[in-house]
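1. Here is a sequence with its predicted model. Questions after.
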Amino acid sequence: MINKVNQSRPIQFGILFFVFLITYFIIPHSENNYLWRLPPLLKAIPNLIQSLLDNLMFEWFTIPVWDPVWQEYEDKTLFRQITRSISSSVLFLIIFVREIILGGAKTLAVFTSDALSANKYYWPALPWTTVVAGAAILGYQLQGIRLALLAGLGFFYVSVFGQWEPSMQTLSFILISAPVCFILGLSLGIWGFLSKNVEAALQPILNVAQTLPHFSYLVPVLVMFGIGDHAGAIATIIFATPPMVRLTILGLKKISPDVVDSGLMSGCSKFQLMFRVLIPTARRDILIGVNQVIMQCLAMTVIASFIGARGLGFNLKVALNNLKIGHAAEIGICVVIIAVILDKMSLAWANKQKDYFANLNFYQRNKSFLIFLIVAILGIIVAYIGTFYFKGGINYFYFVPFAKGLSISPFLDAGVDWIWETFFYTLNSFNIFLLTNVLVPMKNSYLGMPVISTFILVMGAGYIIGGIRSSIIVGSLILFIALSEYWDRALITAYMATFAVLASAIIGLVVGSICAQNKFLTNFGLMICDFFQTFPSFIYLIPVILLFGITDTSVMIAAISYATVPATRYTIEGLRSVPSELHDAGSMSGVSRFQRWTNIELPLAFPHIMLGVNQTVIFTLMMVVIGALIGTEDLGQLIMGAISRKNGAGLGLTLGIFVSFMCLAVDNLIRTWADERKKLLGIE
Amino acid sequence: MTDRSEINNNKPVIKCDSVYKIFGNNAKKLLENSEGQVDAKTFQEAGCIVGVNNASFEVNKGEMLVVMGLSGSGKSTLLRCISRLTDATSGKIFIDGENLLEMNSRQLIELRRNKMGMVFQSFALLPHKTVLENIAFPLMMKKTGTDESINKALEMVELVGLKGRENYFPRELSGGQQQRVGIARSLAIEPDIWFLDEPFSALDPLIRKEMQDEFLRLQGVLNKTIMFVTHDFDEALRLADRIAIMKDGIIEQLDTPDNIVLNPATEYVQKFTQDIPREKVLKIESIMEPVNSNSSQSLTISKDAIIETVAESILNSKETLTVINPKNNNEIVGSLNPSKVVKVLFGNSKTEN
């Protein structure tokens, strides 16, 4: 009997669940019962972080600083001085790029003459026609005619629909953040690759940084760097650098040891080995890292607008706040277009293999650039002609101002109205059904869970999957949350995440399994996943608000649709990676299609699918927190609310770390399980 | 292949003196405690893996030493110790009389830039560089001028027969062609010492044969000091001046191909040799009778001829032949009775010698 229990996971989980249920119903719900709720021993942590930060910013180590305006020395703290100089240099760079793209180079004047005569030098922006053509040429150069069309038409849309200015503001923001992330990530990655200790130290920081909800950076950044575009950029840099570090380390580690040896035997010094052999060999992985960085930067645009970043994100936030759905959708489309173009371009760059060009002459080598020059001149001439043609101050050949372009928002609004009128009862009854019959009972059962039951369930699962080690890791991560005063909020977050994860995992498994049945569907499915994966998370909120208004259901549906993408993708990839010999062996054993799926494909693809589920958990938690934008009552709402609170920095960071710990606990369980299965199956 | 009698025996190019390589955390300590008596099993129990166990040998100038062993026998580890891609745990290695293990990284880089070349099993070409750039790479690392490097690399391209493919990328070449690039790269700096780590193992059998011929041709022209690692006994017999057979880190036997086939030192070595057709390996020299002055001058035969190639004419002659040394004014060195050849070809018993 005991033997059987030792061997069978399902029986172990059954027993665990049984114990869980017993404690669930036995423990009395009373505030003084520590088995029901732990005392908030760690209540002081947010304030502690806050006062540490305040101390650092306003009291610690003052130095005299020369104030040119008052002509005297003033005492300022060192740390604040450092952060403020970082702020001003980042801000300078953003404005500089922005002025180059949008015209009016006032910052350039700083270099050329004294600041007072700044306005004398006027640097006009390039006409939009030129930029559209430039994007198309770049696309052609990177991949071919399809990318050229995509890039050209995309920028054409952005321009014609009057979103040029905010789009370029967003772009300038990315043009500064992404290179900083790249350099920072590459250097940290190289450092981590060279030193095992550094890598060991980086790993947990990267884990937390990647699972920390976007919102929780905002207030600390706000306190340290002030409000404005630069703060947005800095928050973005913190968020977008980890994947770059990871991919750099991964890419460098993947290099075959023979290549390293061949470099050494060619007599490379350490420096030559790194920059002439290793980094060029890992080029593709590093450039995929750049792609990730760009996508993360875009994902931050809306969130960064909370601390003053201008651009599409800001406009979108305003539109959402005012419930102008049509307008929001229009901006959302713009964001998606830019995201898709940047994604495809950076991927094309990563996959482009170097060609031999030393035998080409000057014109052949610089063909694209020369064509761009000609197009630029043509564009400028057309824009100049436009000044005579268009009366009334707006030259449409040069620049289409905001609100003067085409707009589909009336149609969208009409569409929304129509949907509301036609489907109101259906949608509403679905909404009410889901809320009253599923979500609310589920939420209540989560809230009615004694803390000791939670620990039994979580640590028990940890013990069954990964032994005492996993059990302790998971337990201590959760304990940290349980000892705060936000346990109930965390439970609400957990309930929303559980529901969304279950739903997306099931949908992903089914859709993925169907797609994996044949080659055409596989490619189609992966293409769709690629497409949806480029959407920044908040984009998903637009259609759901449109359909379901401001309720938990909206957040849930947004989280499910967002998180279904990785579940589907990993299922397809896992199933397709089953070796064809096994399919043949199965066929010769006379399996039916369904038997093949359950007996051959699923067990072999299981570890990979679990990694997909892992991604799903992270994606849902991120989305649930972002859901605070449209109103929920979980941790997310508190994190967002922290912006307007006095101890906001400490609170935001602490709550963010709670969410991060929830991610890490699940991550630990799933990874341990997947690794064990992998070892059993002999994969890797 | 060079004639051993001609090798300048003054000073070995590579000299190993009881070299050990043991992987594991406390390898050094364990080795010190064992006082030279390393037993793989006891070390394994202590969590260490023995890579190379007490290797001592010399390689002379212009000689080709083939290190043969199955996977895990420590042959590649030995090569990596001598190129100092890994540091030996204990022992001494001399390259041209200089102690390799005492060199600092600057000296090591200098040594590799000027004296050593290496070819790898997986080719290890840089994917972002053309054939020509790959070959010129060691020269560029040495900071040789671009024009000079390119000219030298072009020379090498021609040497390995890749003319016309200078501007291809490795991804556009077949395996055999890629390894030609690897060979050309390792030769670009005109090294004295040439390391080859299973260079042909990743190739198809036909291509492998072709590359071996090519390799012998190159060595005939260049006459480098070579350490060649392989797991293929036939390849070892075909190429080697001397063969070192390794098992579990220990060199079981180090001798000429003839002697290894005729007198395998251990049972393990015999397992390799027993199925080897002797006539394909042995030279006339190894089965002839020592000098017999009374021999008739009717039919002569070179002492360096492989038995198989001359067997037909020997068997047809039916009388005792005179064995001469063509490299030394056709001096008579021995005689050969055809019956001896019959025995080698058809006899199952071990040839007495």
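-> Nice, thanks for sending it over. This one's a predicted model, so the numbers in the text were calculated from it and none came from an experiment.
2. Tell me how chain A divides into domains.
-> Domain ranges of chain A: A:49-120, A:127-160+A:356-407, A:169-354, A:414-448+A:484-681, per automatic domain parsing.
3. got a list of what A:Lys254 touches?
-> A:Lys254 makes contact with A:282, A:285 under the criterion Cβ atoms under 8 Å, 6 or more residues apart in numbering or on different chains. The way it works is simple: take the backbone N, C-alpha and C, and place the C-beta from them, glycine included.
4. From chain B, how far off is it?
-> Relative to chain B, A:Lys254 is positioned 12 Å away (Cβ to the nearest Cβ, to the nearest Å).
5. So which bits of the stretch 201-350 of chain A are right by chain B?
-> A:256, A:258-259, A:261-262, A:264-270, A:272, A:276-277, A:280-281, A:283 (Cβ under 8 Å from any Cβ of the partner chain).
6. Can you say which of the residues you listed are buried?
-> Neighbour counting over those (16 or more other Cβ atoms under 10 Å in any protein chain shown) leaves A:258-259, A:261-262, A:264-268, A:272, A:276-277, A:281, A:283 as the buried ones.
7. Count the neighbours of the nearest residue to A:Thr632 once chain neighbours are set aside for me.
-> If the residues on either side of it in the chain are set aside, A:Thr632 comes closest to A:Val555, at 5.5 Å by Cβ to Cβ, 6 or more residues apart in numbering or on different chains. Neighbourhood size, A:Val555 [other Cβ atoms under 10 Å in any protein chain shown]: 29.
8. which one is residue 49 nearest to, not counting chain neighbours?
-> Using chain A. The spatially closest residue to A:Ile49, leaving aside those adjacent along the chain, is A:Gly650, at 3.6 Å (Cβ to Cβ, 6+ apart).
9. The chain in question should be chain B.
-> The shortest distance from B:Ile49 to any residue other than its chain neighbours is 4.5 Å, reached at B:Phe23 (Cβ to Cβ, 6+ apart).
10. Same question for B:Leu78.
-> In space, not counting the residues next to it along the chain, B:Leu78 is nearest to B:Val52; the distance is 4.9 Å by Cβ to Cβ, 6+ apart.
11. Return the residues in contact with A:Leu252.
-> Counting by Cβ under 8 Å, 6+ apart, A:Leu252 touches A:189-190, A:193, A:278-279, A:282.
12. domain parsing for chain B?
-> Taking automatic domain parsing as the domain assignment, the record places the domains of chain B at B:4-115+B:191-276, B:279-346.
13. Mind checking those for the one nearest to A:Ile331?
-> Of all the domains of chain B, domain B:4-115+B:191-276 sits nearest to A:Ile331, with 55.1 Å by Cβ to Cβ.
14. give me the element the nearest residue to B:Pro264 once chain neighbours are set aside is part of.
-> Nearest in space to B:Pro264, with sequence neighbours left out and distances taken as Cβ to Cβ, 6+ apart, is B:Gln270 at 4.0 Å. For B:Gln270, the host element (DSSP states H and E) is helix B:267-273.
15. buried ones in that helix?
-> Neighbour-count burial for helix B:267-273, counted by 16+ other Cβ under 10 Å, picks out B:268-269, B:272-273.
16. how close does A:Val245 get to A:Ala201?
-> Using Cβ to Cβ, to the nearest Å, A:Val245 is found at 12 Å from A:Ala201.
17. The two: which is more packed in?
-> Set A:Val245 next to A:Ala201 and count neighbours by other Cβ under 10 Å: A:Val245 wins out with 28 against 12.
18. Distance of that one relative to chain B?
-> The gap separating A:Val245 from chain B is 22 Å, by Cβ to the nearest Cβ.
19. three-state assignment of B:Ala244?
-> Three states are possible here, and by DSSP: H, G, I helix; E, B strand; the rest coil the one that applies to B:Ala244 is strand.
20. Kindly provide the distance from it to B:Cys16.
-> 10 Å.
21. And B:Asp232, by the same measure?
-> For B:Asp232, the distance to B:Cys16 under the criterion Cβ to Cβ works out to 23 Å.
22. So B:Asn53 belongs to a helix, correct?
-> No - remark: B:Asn53 does not belong to a helix; assigned using three-state DSSP, it is strand.
23. contacting residues around it?
-> For B:Asn53, the contact set (Cβ under 8 Å, 6+ apart) comprises B:20, B:38, B:40, B:74, B:248-250.
24. Could you list the low-confidence segments of the chain?
-> I'll assume chain A. Chain A contains residues with pLDDT under 70 at A:1-2, A:5, A:103-124, A:354-360, A:390-405, A:631, A:646, A:683-684.
25. sorry, should have said chain B
-> Residue ranges of chain B with pLDDT under 70: B:1-10, B:36, B:292-298, B:347-353.
26. Over in it, which residue gets nearest chain A? Let me know.
-> Scanning chain B for the residue nearest chain A gives B:Arg113, at 3.3 Å (criterion: Cβ to the nearest Cβ).
27. Enumerate every residue touching the one residue in chain A that gets nearest to chain B.
-> Across chain A, no residue is closer to chain B than A:Gly267, which sits at 3.3 Å (Cβ to the nearest Cβ). Taking Cβ under 8 Å, 6+ apart as the definition of contact, the neighbours of A:Gly267 are B:109-110, B:112-114, B:138, B:141-142, B:189.
28. Among those, name the ones in strands.
-> Secondary structure defined by DSSP state E assigns none of the contacts of A:Gly267 to strands.
29. Buried ones among those residues?
-> Buried subset of the contacts of A:Gly267 (neighbour count, 16+ other Cβ under 10 Å): B:109, B:112-113, B:138, B:141-142, B:189.
30. Just give the closest residue to the residue nearest to the spatial centre of chain B, not the sequence neighbours.
-> The central residue of chain B, meaning the one whose C-alpha is nearest the mean C-alpha position (Cα atoms, centre = their mean), is B:Val66 at 2.7 Å. Closest residue to B:Val66 apart from its sequence neighbours, by Cβ to Cβ, 6+ apart: B:Ala240 at 3.8 Å.
31. doesn't B:Thr230 make contact with the one you found?
-> No - the criterion here is Cβ atoms under 8 Å, and B:Ala240 misses it with B:Thr230 at 9.2 Å.
32. shared neighbours, the two?
-> Overlap between the neighbourhoods of B:Ala240 and B:Thr230 consists of B:Val66, taking contacts as Cβ under 8 Å, 6+ apart.
33. Can you say which helix or strand has the residue nearest to A:Thr632 in it?
-> For A:Val555, the element it lies in under DSSP H and E is helix A:552-576.
34. cool, and B:Val323?
-> Secondary-structure element containing B:Val323, defined by DSSP H and E: strand B:321-325.
35. For the helix or strand following that strand, give me every contacting residue.
-> For strand B:321-325, the succeeding helix or strand toward the C-terminus, using DSSP H and E, is strand B:331-336. When contacts are taken as Cβ under 8 Å, 6+ apart, the neighbours of strand B:331-336 outside the stretch itself are B:284-285, B:287-293, B:295, B:301, B:303, B:314, B:320-325.
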